[in-house]
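*Asks:* Need coordinates for the following:
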Amino acid sequence: MNTIYPVSILNNKLKVVTHSMKGRESVALGIWFAVGGRYETKKISGISHFIEHLVFKGTPTRNVRTIKAEIEGRGGLLNAFTNEDTTCFLVKIVKKHLPLALEILADMCQNPLFKAIDIERERGVILEEIKMYMDMPMQYAHDLINQLLWPDQPLGMFIAGDFKSVTGIGRSDIIAYHNKYYRPSNTLATVCGDISHEETYRLVHKYFPRKREAKRFRCKKVVGHQSKPRFNFYYKKTEQSHLVIGMHALKRTDPQRYALALLHVILGANMSSRLYEEVREKRGLAYSIRSGLSFYEDTGSFTVSAGVENKKIEATLTVIMKELAKIKKNGVKAGELMRGKEYFLNQLFFALDDTLDRMLWIGDKAMHFDQIPSKDQIIKRIEAVTVDAVQSMAAKLFKNANLNLVVIGPLEEKMQKKIRNQFTL
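*Replies:* Take a look at the predicted model:
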């Protein structure tokens, strides 16, 4: 058994992973399901997120108020999230309350009532949530870039769904979807804190007793190949324009992912990055400028996003594209790479000092990897990245055929055409 992150599997195939953090007063617990937006069809787009909301609404033994009060009344944090390929329900609480927290999460996840009145009420809440995201241009621009990167397939759909799909999801759809995916064989329990793996295993076994067939479902892989730039100019009367450049990148398990991570750090992860220096500090073109990474089972993305004054869109894009071309042509300096490595490692290790952040990290790794890497393994892999590897990664990603651009703002057709013609590397 891995002594850092011990793993046990129940007879019903539910996986338990723990990490002992001596001296911590809190414990963090997550119940993960291998299901998210990638498992949906267009007709029921948003159903994973819908179920995430509904699970909090009550069970045969607890109503919505009781669920919240039993955790928050003890000073705990209760939350959940849905992404493309996972759904997670989580609690952070004083360690003596771990048995209660696990009992509550198990009850919520296994025994939701899905009352018709709750479904209709929450449907309205989610439709308002979708409107809220659409009124947040920087958030909505990232949703739209995924649509460009993976058109007409689940990975390109919005996690919350759209007005048509959310309106059409019925109670029978919800029950069938929950019965299919929310089963022990599709479940992971992660716990971090000053706890015993053996005791945690016994608690999970107690509260997840049901036996079901041991089947792990797989999402549909992405299809299609991009051969030219794609654009979405979303006209909206805003005081500031928001842009996202997106490129297909690496899948989650790609051996070169650490080179990509360092390329991201050097280009746009912090205030000493190249894009921040060139776009904000030297030219004052944007308040917000950053790069980002997303990793999935079979693909991934690299993005650059910025919020700029409407009349400065063209100038900002020109500077960004020059920086991408520059790192592709000239690479990075040894000192720059060294600072990037220090930043990556120390940011990770700072975060892992917290029980909740550690739980989320090991949960993500345990859901998608055969083995959770140790601190020494991560250091070794980061230290192995060379300046040539970073430049090769830039050359692999930064190609005209791999470019996608979303702009939300009052951009006139004349400027849209000009940008289309100049959007090259």
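
*Asks:* only C-alpha atoms for contact and neighbour calcs from this point on.
*Replies:* Will do.

*Asks:* For L148, see how far away L203 is.
*Replies:* 45 Å (C-alpha to C-alpha, to the nearest Å).

*Asks:* ignore the last one, E336
*Replies:* 32 Å.

*Asks:* can you check I9 too?
*Replies:* 39 Å.

*Asks:* cool, K131 as well?
*Replies:* From K131 to L148 the distance is 20 Å (C-alpha to C-alpha).

*Asks:* More neighbours: those two, which one.
*Replies:* L148 (23 against 14; other C-alpha atoms under 10 Å).

*Asks:* Just to check, L144 is in contact with L405?
*Replies:* No: using C-alpha atoms under 8 Å, L144 is not in contact with L405; the gap is 9.2 Å.

*Asks:* Find the residues that touch each one of those two.
*Replies:* Contact criterion C-alpha atoms under 8 Å, 6 or more residues apart in numbering; residues shared by L144 and L405: N232.

*Asks:* Looking at the two, which is more packed in?
*Replies:* L405 (26 against 23).

*Asks:* Which secondary structure state does that one sit in?
*Replies:* strand (DSSP: H, G, I helix; E, B strand; the rest coil).

*Asks:* so who does it touch?
*Replies:* The contact partners of L405, taken as C-alpha under 8 Å, 6+ apart, are I145, P229, R230, F231, N232, L243, V244, I245, G246.

*Asks:* Pull the residues that contact the strand or helix carrying I245.
*Replies:* Assigned by DSSP states H and E, I245 belongs to strand 240-248. For strand 240-248, contacts defined as C-alpha under 8 Å, 6+ apart pick out 137-138, 141-142, 145, 149, 299-310, 313, 397-398, 402-410.

*Asks:* List the contacts of the residue most central in space within the chain.
*Replies:* Residue closest to the mean C-alpha point of the chain, counted by C-alpha atoms, centre = their mean, is N83 at 5.5 Å. By C-alpha under 8 Å, 6+ apart, the residues touching N83 are G36, G37, I159.

*Asks:* How about R358: what's its closest non-neighbour residue?
*Replies:* Using C-alpha to C-alpha, 6 or more residues apart in numbering and skipping residues adjacent in sequence, the residue nearest R358 is L352, 4.6 Å away.

*Asks:* And the one you found, how far from E342?
*Replies:* For L352, the distance to E342 - C-alpha to C-alpha - is 15 Å.

*Asks:* H97 now?
*Replies:* H97 is 37 Å from E342, by C-alpha to C-alpha.

*Asks:* which helices and strands does the helix or strand containing Q347 pack with?
*Replies:* Counting by DSSP H and E, the element that carries Q347 is helix 334-351. Packing contacts for helix 334-351, counted by 3 or more C-alpha pairs under 8 Å, 6 or more residues apart in numbering; DSSP states H and E, involve helix 257-268, helix 375-383.

*Asks:* what's the most buried one of the ones you listed?
*Replies:* Mean neighbours per residue, mean count of other C-alpha atoms under 10 Å, is largest over the helices and strands packed on helix 334-351 for helix 257-268, with a mean of 23.

*Asks:* contact partners of that one?
*Replies:* 250-251, 273-276, 289-293, 302, 304, 336-337, 340-341, 343-344, 381-382, 385-386, 389-390, 393-394.

*Asks:* Select only the buried ones of those in ChimeraX?
*Replies:* Buried residues among the contacts of helix 257-268 (16 or more other C-alpha atoms under 10 Å), as a ChimeraX selection:
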select :250,251,273,274,275,276,289,290,291,292,293,302,304,337,340,341,343,344,382,385,386,389,390,393,394
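
*Asks:* Of the contacts of helix 257-268, which belong to strands?
*Replies:* Among these, the members falling in strands (DSSP state E) are I289, R290, S291, G292, L293, F302, V304.

*Asks:* now the helices for the stretch 151-300 of the chain?
*Replies:* 163-168, 171-181, 197-207, 257-268, 274-275 (DSSP state H, counting those that start in this stretch).

*Asks:* among these, which is nearest A106?
*Replies:* helix 197-207 (6.1 Å; C-alpha to C-alpha).

*Asks:* roughly how far is the closest one from the heart of the chain?
*Replies:* 28 Å (C-alpha atoms, centre = their mean, to the nearest Å).

*Asks:* And the contacts of that helix?
*Replies:* 6, 8, 10, 16-20, 99, 102-103, 106-107, 189, 191.

*Asks:* which of those lies closest to L348?
*Replies:* H19 (16.1 Å).

*Asks:* Please save the CA atoms from whatever helix or strand that closest one lives in in PDB.
*Replies:* If you go by DSSP H and E, H19 is part of strand 15-20. Once non-C-alpha atoms are left out, strand 15-20 reads as follows in PDB (Å, rounded to 0.1, in the frame of the first residue of the first chain):
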ATOM      1  CA  LYS A  15     -12.300   3.600  -3.900                       C
ATOM      2  CA  VAL A  16     -11.000   5.200  -0.700                       C
ATOM      3  CA  VAL A  17      -7.900   7.400  -0.700                       C
ATOM      4  CA  THR A  18      -6.600   9.200   2.400                       C
ATOM      5  CA  HIS A  19      -3.600  11.400   3.400                       C
ATOM      6  CA  SER A  20      -2.500  11.800   7.000                       C
END
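
*Asks:* Buried ones in that strand, by neighbour count?
*Replies:* In strand 15-20, counting by 16+ other C-alpha under 10 Å, buried: K15, V16, V17, T18, H19, S20.

*Asks:* Stretch 418-425 too?
*Replies:* For stretch 418-425, by 16+ other C-alpha under 10 Å, it's I419, F423, T424, L425.

*Asks:* Kindly report the same for stretch 117-131.
*Replies:* For stretch 117-131, by 16+ other C-alpha under 10 Å, it's I119, E122, R123, I126, L127, I130.

*Asks:* From F350, how far out is L267?
*Replies:* 21 Å.

*Asks:* Okay, the closest residue in space to S392 that isn't next to it in sequence and T316: tell me how far apart.
*Replies:* Counting by C-alpha to C-alpha, 6+ apart, S392 lies nearest to K328, which is 7.6 Å off, once chain neighbours are set aside. Distance, K328 to T316, by C-alpha to C-alpha: 19 Å.

*Asks:* what's the answer for N310, then?
*Replies:* Distance from N310 to T316, by C-alpha to C-alpha: 10 Å.

*Asks:* So for the two, which residue has more residues nearby?
*Replies:* With neighbours defined as other C-alpha under 10 Å, N310 and T316 compare such that T316 has more, 24 against 17.

*Asks:* Please name the nearest non-neighbouring residue to the more buried one.
*Replies:* The nearest residue in space to T316 (C-alpha to C-alpha, 6+ apart) is L285, at 6.3 Å.
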